[in-house]
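Q: The sequence isn't on hand, but the structure is:
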């Protein structure tokens, strides 16, 4: 046998040995598959979706099985057989329908089992003892008489039959978060909410939703009488001088309007930036202190004349041509130049800074989803996180933002919407619509 032939045979033998060694190591390895759940859980409601991730980086996944058992009877929820090569990672969505499976309320055992392609058939198993709970929570109305002005505020009080994971008041597709409180020494929930100013109150759906710890959801309609309101129309005539004075301020902070004409810049600021600023306010006010921080009627700016009211339908003209529209979501108050601005009620400052069309702005959280809003300020004297008392100076009026003259734009924000501030200045409205509900016995 020639030398070269012996060399080739040796290479073949070495390759075969190496390949066999690799196959043995790969398929006789002892590493078990890994099972991970997207979220932990210990309760199953009428329906439950479980997301799981399975992986085996060496020999790969062979099978995956998901079951739930109760009273000695096992139900297979999902079962997968994987091809011999290639599946090292997979995700599973498992639907549990307790009614279809005829599971009763009580204990059950949920199991995910995975086997790999090792010669040892390594097994991993994740077992969870769960409580089956198919009963939806009951909602009990505490406040029963609800009157709300279009564009105004309303509060609802209620209790729930069990511990819950989430509860809110819905107005069409908007959700207003509810907060736990004690009413007549009993646990309950309170929600401040608002309705749109679009004049479509006849078709407005208002109700309470509650989801328990098992995921069961209940809804209950809230009986409400909505008083329709006619809002003013206001024509705003924009001058070239105003545009030349104001638009550079926004061009410095908004790359979208660089290169646009003055009129085009105004349209962008008045419409697109206005919407973005509202989204920012909604984000800032998405969480609130868990107890009431305010007391009594909110303060109105001293010695100030009302220059614009809540809900004004504004139409903007430039050189007698209609160029844009907006809805005014506050009350404009004008006094002397750089007039002092005070906190309208006690609370916690959640924002103090520049906010687009509103200019220098302060937002105060009064607890349970209620906020006050101060815009077009010059200087501010409070910082985020600061506790403020009713009547404490927080800044001075000015012309920052899209203001044409020195004034305070004052707003009240409830949940996700600006509402008519005039209600919160009125002691009689607060007594009839807030205090009487809170003093109820149930």
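A: Right, received. Where do you want to start? Not measured: the values here are computed from a predicted model.

Q: just the helices in the stretch 101-250 of the chain please.
A: 240-251 (DSSP state H, counting those that start in this stretch).

Q: shaky segments in it?
A: Across the stretch 101-250 of the chain, the ranges flagged by pLDDT under 70 are 199-202.

Q: And the strands in it, which stretches?
A: 106-116, 123-132, 139-141, 147-149, 153-160, 164-171, 174-177, 179-183, 186-194, 206-212, 217-221, 225-227, 233-238 (DSSP state E, counting those that start in this stretch).

Q: in the longest one, what counts as buried?
A: Okay, so that is strand 106-116. For strand 106-116, burial by neighbour count (16 or more other CB atoms under 10 Å) applies to 108, 110, 112, 113, 114, 115, 116. Placement of C-beta: from N, CA and C, glycine included.

Q: for the last one, same thing?
A: Taking 16+ other CB under 10 Å as the neighbour-count basis, strand 233-238 is seen to contain the buried residues 236, 238.

Q: 61 is where my numbering starts, stick with that
A: Right, with 61 as the first residue, what we last looked at is strand 293-298.

Q: Okay, now the sheet partners of it, with direction.
A: strand 373-378 (parallel) (DSSP bridges).

Q: Give the buried residues for the partner strand.
A: Neighbour-count burial for strand 373-378 [16+ other CB under 10 Å]: 374, 376, 378.

Q: What are the contacting residues of that strand?
A: 291-298, 303, 323, 326, 330, 382-388 (CB atoms under 8 Å, 6 or more residues apart in numbering).

Q: Between helix 300-311 and that strand, find me the angle.
A: With axes from the mean of the first three to the mean of the last three CA atoms, to 10 degrees applied, the angle from strand 373-378 to helix 300-311 works out at 110 degrees.

Q: Show me the domain layout of this structure.
A: Using automatic domain parsing, the domain ranges for the chain come out as 94-192, 199-287, 293-479.

Q: And the ones you listed: which comes nearest residue 499?
A: Residue 499 lies closest to domain 199-287 among these, at 8.8 Å (CB to CB).

Q: For that closest one, what is the distance to the chain centroid?
A: What separates the centre of domain 199-287 from the centre of its chain is 16 Å, taken as CA atoms, centre = their mean, to the nearest Å.

Q: Quick check: end-to-end length of that domain?
A: Distance across domain 199-287, first residue to last, is 26 Å (CA to CA, to the nearest Å).

Q: Was I right to think residue 90 contacts residue 183?
A: No: between residue 90 and residue 183 there is no contact under CB atoms under 8 Å: 11.2 Å.

Q: who has more neighbours, the two?
A: residue 183 (14 against 8; other CB atoms under 10 Å).

Q: contacting residues around that one?
A: Residue 183 neighbours (CB under 8 Å, 6+ apart): 92, 93, 173, 174, 175.

Q: What residues does residue 150 make contact with?
A: Counting by CB under 8 Å, 6+ apart, residue 150 touches 113, 114, 115, 121, 124, 140, 142.

Q: mind listing what the one helix or strand the second one maps to pairs with, with the direction of each?
A: Right, residue 114. Residue 114 belongs to strand 107-115 when elements are defined using DSSP states H and E. Strand pairing for strand 107-115, determined by DSSP bridges: strand 94-97 (antiparallel), strand 149-157 (antiparallel).

Q: will you turn those strands into a markdown table that also has mean pLDDT and distance to residue 440?
A: As requested, the strands paired with strand 107-115 are exported to a markdown table (pLDDT from 0 to 100; distance: least, CB to CB, whole Å):
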| stretch | mean pLDDT | distance to residue 440 |
| --- | --- | --- |
| strand 94-97 | 96 | 47 |
| strand 149-157 | 96 | 49 |
